[in-house]
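>>> predicted model and sequence below, questions to follow.
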Amino acid sequence: MINNRYEQLKKAELGALISIIAYILVSAMKLVVGHWANSEALRADGLNNFTDILSSIAVLIGLRISQKPADVEHRYGHWKAENIASLVTSFIMLLVGLQVLYSSILSVINKKTEAPDMTAAIVGIISAAIMYGVYYFNKRLSEKVKSPGLLAAAKDNRSDAWTSIGTSIAVFAASFNLVWLDSTAAIIVALLILKTAIDIFKESVFSLSDGFNQELLLQYNDAIGHIKHIQAVKSIKGRSYGANIYLDVTVTMKPDLTVRESHDITDQIEHLLQDKFHIFETDIHVEPSE
């Protein structure tokens, strides 16, 4: 299973590489055209895509490090490199979001009067089409290689496509003497960057601090409880290492069972959790029931 997971992570790298190339292309177009066409919204969206370049690079680095096998100092492997990369990305996005918000508010205060060129709207539509194509590719690849990290990146691709469409609408509206709408759209983009940064930060910290979804633990508990000879699930704890879930389970069984019988039952538990819930590794402790 470990070797198979390494192969899946290797395949997931393709999605990160495609995202990097796409983001370099669209961010360059938006920053150049946004400056030339005098569009605050398009420049803000370009900076948003620039942070996505850094995010995709961080994801790629995390995927590469995660493929390193376990060693003396990392008995559980290097799976958490993905979570650390996400945490770094959230800080980068937070700084860029604050910068975009600051410059956009200044534009509103200074009452910008020059309407942006319609070319900015066209660039926004082209960028949206590119990013939706990247989203579709990464979504299908993430489902194939079972990579939550790549799926999250795909959702980010989709949100960037939507943001580009919103930017185009704002630029188009600004050409009808609604110049203030361009700067307002830039503020909205900045707020979206900040919200995404905070969400990524929360998820990364939650995983790195060994937080785990309690509803999932209840599902695991219920499934284990239906296995024959399991008297009770005394405790169950979960933690995530990247996309991999590790469980510590304590179950009680009748004390007259042989060691072989108990061992066979623990094998059933492992196979059930692996097949039904894709649990990467389960450590099971057996205690005699009273």
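Perfect, I can see it now. What you see is a predicted model; the values in this text were computed from it and never measured.

>>> ok, and for the one helix or strand residue 18 maps to, which residues are buried?
Assessed by DSSP states H and E, residue 18 sits inside helix 2-36. Applying a neighbour-count criterion of 16 or more other C-beta atoms under 10 Å, the buried positions in helix 2-36 are 5, 8-9, 12-13, 15-16, 18-20, 22-23, 26-27, 29-31, 33-34. For glycine as for every other residue, the C-beta is placed from the backbone atoms N, C-alpha and C.

>>> can you check stretch 127-135 too?
Buried, per 16+ other C-beta under 10 Å, within stretch 127-135: 127-128, 130-132, 134-135.

>>> one more: stretch 189-200?
189-190, 192-194, 196-197, 200.

>>> can I get stretch 167-186 in PDB, CA atoms only?
Once non-C-alpha atoms are left out, stretch 167-186 reads as follows in PDB (Å, rounded to 0.1, in the frame of the first residue of the first chain):
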ATOM      1  CA  THR A 167     -13.500  40.900 -12.600                       C
ATOM      2  CA  SER A 168     -14.500  40.900 -16.300                       C
ATOM      3  CA  ILE A 169     -18.100  41.900 -15.300                       C
ATOM      4  CA  ALA A 170     -16.700  44.700 -13.100                       C
ATOM      5  CA  VAL A 171     -14.500  46.100 -15.800                       C
ATOM      6  CA  PHE A 172     -17.400  45.900 -18.300                       C
ATOM      7  CA  ALA A 173     -19.700  47.800 -15.900                       C
ATOM      8  CA  ALA A 174     -17.000  50.400 -15.200                       C
ATOM      9  CA  SER A 175     -16.900  51.400 -18.900                       C
ATOM     10  CA  PHE A 176     -20.500  52.700 -18.400                       C
ATOM     11  CA  ASN A 177     -19.500  55.500 -16.000                       C
ATOM     12  CA  LEU A 178     -19.400  53.100 -13.000                       C
ATOM     13  CA  VAL A 179     -15.600  53.600 -12.500                       C
ATOM     14  CA  TRP A 180     -15.900  53.000  -8.800                       C
ATOM     15  CA  LEU A 181     -17.000  49.400  -9.500                       C
ATOM     16  CA  ASP A 182     -13.500  48.500 -10.700                       C
ATOM     17  CA  SER A 183     -11.900  49.400  -7.400                       C
ATOM     18  CA  THR A 184     -14.700  47.900  -5.400                       C
ATOM     19  CA  ALA A 185     -14.200  44.600  -7.300                       C
ATOM     20  CA  ALA A 186     -10.500  44.800  -6.400                       C
END
